[in-house]
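> Pasting a predicted model and its sequence here:
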Amino acid sequence: MPLGCFGCNTPLLLGERLICTVCRNQLPLTEYNFTDENPVDRIFYGRIDIKKVNSFLFFTKNGIVKNIIHHLKYKNQEQIGAFFGQWYAQSIKERLDIDIVAPVPLHKRKLTKRGYNQVSLFGKELALHLDATYKEDTLFKTVNTRTLTKRNRFSRWKANQDLYKVLDEDSIAGKTILLVDDVITTGATIEACAIALKKAKGVTIYVATIAVVP
């Protein structure tokens, strides 16, 4: 029996992979690029010095993207990350000069429980097409936290200060880093990671995520 589409659960037809043609055509692509200003950039204005932020898809409460990301994160469907990484890379590879692609890390306890970081294959595909080095261990998470999205910005900022650390600052000094994650909501996670990365000298940060909450 053919596998079901991760967007709508209908059986996949011959030649379809992971997502059916109907869902693929309905995916809400942001069509943002790494040249023009976009609303995802503006999330971080006045918060942290990030060169450019971009997201591939819009994430809505009851949409196809939510279903697909749920399978990626909680249903052991890690290959979805590679699928989106290959697709997304085609539209950005001529626009970016990146040294290192680094994923937002999971705390080791959560990583052990889930068995994989849901953005690893997304990041590896981007690194491959951007001719960059993929470094899984660039950052590590110091505390196993619950979501910070419901806190106000100031308390979130305080809680985030040492939430992530760089394993080896000398190894990324002077480098251009593409930080990758699955979904941007408030931007708290990306901000915390960028704070840690900025402690290394001369680091330039770009961000790419699978989706953003509009």
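The structure has been received and is ready for your questions.

> ok, the closest residue to F83 other than its chain neighbours - how many residues close by?
Nearest non-adjacent residue to F83, counting by CB to CB, 6 or more residues apart in numbering: L18, 5.2 Å away. Heads up, the C-betas are built off the backbone N, CA and C, glycines and all. Number of residues near L18 (other CB atoms under 10 Å) recorded here: 20.

> can you check Y206 too?
20.

> just P28 next, same as before
For P28, using other CB under 10 Å, the count is 15.

> And for the one 5 residues further on?
When neighbours are counted by other CB under 10 Å, N33 registers 12.

> Could you check the pLDDT of the residue nearest to it when sequence neighbours are not counted?
Residue nearest to N33 in three dimensions, not counting chain neighbours: R95, with 6.4 Å by CB to CB, 6+ apart. R95 is assigned a pLDDT of 79 by the prediction.

> Look at R95 and tell me its secondary structure.
At R95, secondary structure determined by DSSP: H, G, I helix; E, B strand; the rest coil is coil.

> Surely it and Y32 touch.
No. Assessed by CB atoms under 8 Å, R95 is found out of contact with Y32, at 11.2 Å.

> quick one: V53 is in a helix?
No. Counting by three-state DSSP, one finds V53 to be strand, located in no helix.

> can you pull the contacts of it?
By CB atoms under 8 Å, 6 or more residues apart in numbering, the contact set of V53 is 38, 40-41, 43-44, 184, 190, 206-209.

> what bridges to it?
Bridge pairing for V53 (DSSP bridges) gives the partners V207.

> Which strand or helix spans the closest residue to V101 other than its chain neighbours?
In this structure, V101 finds its nearest non-sequential neighbour in A127, 3.9 Å apart by CB to CB, 6+ apart. A127 is part of helix 120-130, with elements assigned from DSSP states H and E.

> Report the distance from that helix to the chain centre.
11 Å (CA atoms, centre = their mean, to the nearest Å).

> Could I get the full set of helices for the chain?
For the chain, the helices defined by DSSP state H cover 21-26, 39-43, 64-74, 79-92, 108-114, 120-130, 153-160, 169-172, 188-197.

> What is the longest one packed up against?
If I follow you right, that is helix 79-92. Judged by 3 or more CB pairs under 8 Å, 6 or more residues apart in numbering; DSSP states H and E, helix 79-92 is in contact with strand 52-58, helix 64-74, helix 120-130, strand 204-212.

> Okay then, goodbye and thanks.
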